[in-house]
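In: Fold the following and give me the result.
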Amino acid sequence: MKLLILADDFTGAMDSGVQLSLRNIPTTVAVSPNAGENWLTEDCEVLSVNMETRHLSALDAYNCIRSFLEKYAIPGCYVYIKTDSALRGNVGPSFQAALDVLGGPLAFVPALPAMNRVTRNGICYIEGELLENSIFRHDPRTPALKSRIPEILSTSDTHFTCRIVPTSHIQDFDSLSAERSADVYLFDCETEAQIETIGEKLADCRLYGLTAGCAGFARTFHRHIPFRTAASAPPASNGPVLFVSGSVNDKTMAQLAAAQSLGYPVLSLSAAISRCFQEGADPENSPQDIFTEACSCLSHGRSVVLATALSGEHLYRAKDSEQGRMDSLRFHETVANLTASLVQSIIEETGLETLAVFGGDMVAAILKKLSCRKVSAWGEICSGVPLCTFYYRGKTRTLVSKSGGFGQPDVIPVIEQYFINQRRI
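Out: As a prediction, the model looks like this:
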């Protein structure tokens, strides 16, 4: 294992991992940090781990990252802290843990220009808007309320220093890095070309050992880390696709609406979720009407969409109270358990081979329900939509995952068309 990627959710682990698998570099993605005890003997060059830290307390996130690195960050192994492109979760505590275990400095490149997410003067912009004014301001669990990245990184649990590296200073970073004037170097970045330049500079300065950012910067690793490669072919997939949406991001809502307008069966789970949450019904019991309709569609070769909500208004919002936070946690657990149980029942009833899931928490919940500890990354269907395989009930199956905030409105038919084209080859 030459590269260890630590992400705070599953789609993040996948998004970064596929940047290496696209180059035929053997890549394993772990469903959780507790998925296995033999990672160091894994026959892979890259291990990308869903650390499940996004919704933890700052202290718990710090301890989780620190203990994992102490165990698995072997000498000579490159480490990448994969951050959310909207900077949600415990970014600062994760950096502090990495610095405390590995030492500094840490180079941070948070931009994702391919998705129009850039960093300018240390400030994050999403599609031309300040992060705090973007669609992520309304995230139900981790709303983005700040745009200046050093402020986002700074918490009561962090004590590292941070220095912004403007785009005009990238070429001069050699002299800046020689000063070792900060624990974290935060790079402004607005283009793919600048990402490549930053990668080259960090490699020249021998500061490639500990880096952080989103999937954009992970694309540079194959140029500067001596990976072993192995020929691979994209996985074959038969039959229709079961789409599962566990996100209420505005982009996902637009994707669901577009699918409905094209005639896709979009089945809402909101009523069943509400019954389980408010009346205490067992989430392990699949809603029979939805189960029957989904199985009927799939058995007739028709793709179907399961949606935990069809608008943000369908999501339960907890009040700012201890009881409200407990209810919020219980609600999200209800959503995950009900949906994962339903997906498992559908797979076992229909023999489904192809699954596409939107939302990192939902992907992890489904894979855990299927007792799947790891997946193999293969590549991307399109930008931000990674492709992998997993093993269940004696068969290798295909999984597509997507962060709720990624993708164009037509992403559902694009994913389905990809598999149709693969079957024609």
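In: going forward, measure contacts between C-alpha atoms and count neighbours the same way
Out: Fine.
In: Residue 407 contacts residue 384, correct?
Out: Yes. Look at residue 407 against residue 384 with Cα atoms under 8 Å: they come within range, at 6.7 Å.
In: Which one's more surrounded, these two?
Out: When residue 407 and residue 384 are compared for neighbours, residue 384 comes out ahead with 23 against 19, by other Cα atoms under 10 Å.
In: List phi and psi for the more buried one.
Out: Main-chain dihedrals, residue 384, degrees, to the nearest 10: phi 80, psi 10.
In: Surely it is in contact with residue 404?
Out: No. Using Cα under 8 Å, residue 384 is not in contact with residue 404, being 10.2 Å away.
In: Just checking, which helix or strand of this protein averages the lowest pLDDT?
Out: helix 173-178 (a mean of 76; mean pLDDT, DSSP states H and E).
In: Next, the buried residues of that one.
Out: By neighbour count with 16 or more other Cα atoms under 10 Å, helix 173-178 contains the buried residues 173, 177.
In: Put the alpha carbons of it into PDB.
Out: Coordinates of each C-alpha in helix 173-178 appear next as PDB, following Å, rounded to 0.1, in the frame of the first residue of the first chain:
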ATOM      1  CA  PHE A 173       6.300  28.100  -3.400                       C
ATOM      2  CA  ASP A 174       9.800  26.600  -3.200                       C
ATOM      3  CA  SER A 175      11.200  29.500  -1.200                       C
ATOM      4  CA  LEU A 176       8.000  29.900   0.900                       C
ATOM      5  CA  SER A 177       8.100  26.200   1.900                       C
ATOM      6  CA  ALA A 178      11.800  26.400   2.800                       C
END
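In: Tell me the first helix or strand C-terminal of it.
Out: Next helix or strand after helix 173-178 toward the C-terminus (DSSP states H and E): strand 184-187.
In: now what about the helix or strand following that next one, what contacts it?
Out: The helix or strand immediately downstream of strand 184-187 is helix 192-204, counting by DSSP H and E. With Cα atoms under 8 Å, 6 or more residues apart in numbering as the test, helix 192-204 has contacts from 107, 109, 113-114, 167, 170-171, 173-174, 189, 208, 216-217, 220-221, 224.
In: quick one, helices of the stretch 51-200 of the chain?
Out: Secondary structure of the stretch 51-200 of the chain (DSSP state H, counting those that start in this stretch): helices at 58-72, 91-102, 149-153, 173-178, 192-204.
In: Could you list every helix and strand in contact with the first one?
Out: In terms of contact count using 3 or more Cα pairs under 8 Å, 6 or more residues apart in numbering; DSSP states H and E, helix 58-72 is assigned the packing partners helix 91-102.
In: which of the contacts of helix 192-204 are buried?
Out: 107, 109, 113, 167, 170, 173, 189, 208, 216, 217, 220, 221.
In: Can I get the residues you listed in TSV including distance to residue 394?
Out: TSV is the format used below for the buried ones among the contacts of helix 192-204 (distance: Cα to Cα, whole Å):
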residue	distance to residue 394
107	43
109	41
113	40
167	51
170	51
173	52
189	45
208	40
216	35
217	36
220	36
221	34
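In: Mind checking which of these land in strands?
Out: 107, 109 (DSSP state E).
In: Would you agree residue 127 is in contact with residue 117?
Out: Yes. Contact criterion Cα under 8 Å: residue 127 and residue 117 qualify, at 6.0 Å.
In: So between these two, which is more surrounded?
Out: residue 117 (22 against 14).
In: Quick check: phi and psi at residue 356.
Out: Dihedral angles (degrees, to the nearest 10) for residue 356: phi -130, psi 120.
In: Spit out the contact partners of it.
Out: Counted by Cα under 8 Å, 6+ apart, residue 356 has contacts 241, 242, 243, 244, 399, 400, 401, 402.
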